[in-house]
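> dropping the sequence and predicted coords here.
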Amino acid sequence: MIRTQIQFEERQYERLRQLAHRNRVSLAETVRRLLDRQLGLAAEGEDRSGPRALLDIAGIGRSGLCDLGRNHDRWLAEDPD
């Protein structure tokens, strides 16, 4: 890897930090993944169809409800209106 320095606008940094936290990866890893996606690159030897692909989507459907696993029937039965 090549070490470099980059400056972000505050709004960019905050969104990157939130994304990194949500995906449980470093800020640097988040930037690398976004660049790979934008540039149409895959990491050398990266298999996007196996366990790595599952890790990439982990947490994508987070609800913010800490008791969803225990009380899913109650949450699903509630009328959203």
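Great, that's in hand.

> only C-alpha atoms from now on, for both contacts and neighbour counts.
Fine.

> what about Leu16, how many residues nearby?
Look at Leu16: counted by other CA atoms under 10 Å, it has 19 neighbours.

> actually Arg17, not the one I wrote
18.

> with the one 3 residues further on instead?
By the criterion of other CA under 10 Å, Ala20 has 17 neighbours.

> that one: what's it in contact with?
Ala20 makes contacts with 26-27, 29-30, as judged by CA atoms under 8 Å, 6 or more residues apart in numbering.

> could you look up the SS state of it?
Per DSSP: H, G, I helix; E, B strand; the rest coil, the secondary structure class of Ala20 is helix.

> pLDDT value on it, please?
Ala20 is assigned a predicted lDDT (pLDDT) of 93.

> ok, Gly50 next?
Gly50 carries a pLDDT value of 58.

> please tell me how far Leu76 sits from Arg33.
Leu76 is 34 Å from Arg33, where distance means CA to CA, to the nearest Å.

> neighbours of Arg22, just the number please.
13.

> what's the local residue count around Thr30?
18.

> so for the helix or strand hosting it, mean pLDDT?
Using DSSP states H and E, Thr30 maps to helix 27-39. Taken as a whole, helix 27-39 has a mean pLDDT of 90.

> list the buried residues of it.
27, 30, 33 (16 or more other CA atoms under 10 Å).

> then stretch 1-17?
Judged by neighbour count (16+ other CA under 10 Å), stretch 1-17 contains these buried residues: 16-17.

> ends of it, how far apart?
Stretch 1-17: ends 21 Å apart by CA to CA.

> what are the contacting residues of it?
Contacts to stretch 1-17, defined as CA under 8 Å, 6+ apart, come from residues 27, 30-31.

> now Arg3: phi and psi?
phi -90, psi 130 (degrees, to the nearest 10).

> could you check how far it is from Arg22?
To Arg22, Arg3 is 24 Å away according to CA to CA.

> try Tyr13
Counting by CA to CA, the gap between Tyr13 and Arg22 amounts to 14 Å.

> which secondary structure elements does the helix holding Thr30 sit against?
helix 10-23 (3 or more CA pairs under 8 Å, 6 or more residues apart in numbering; DSSP states H and E).
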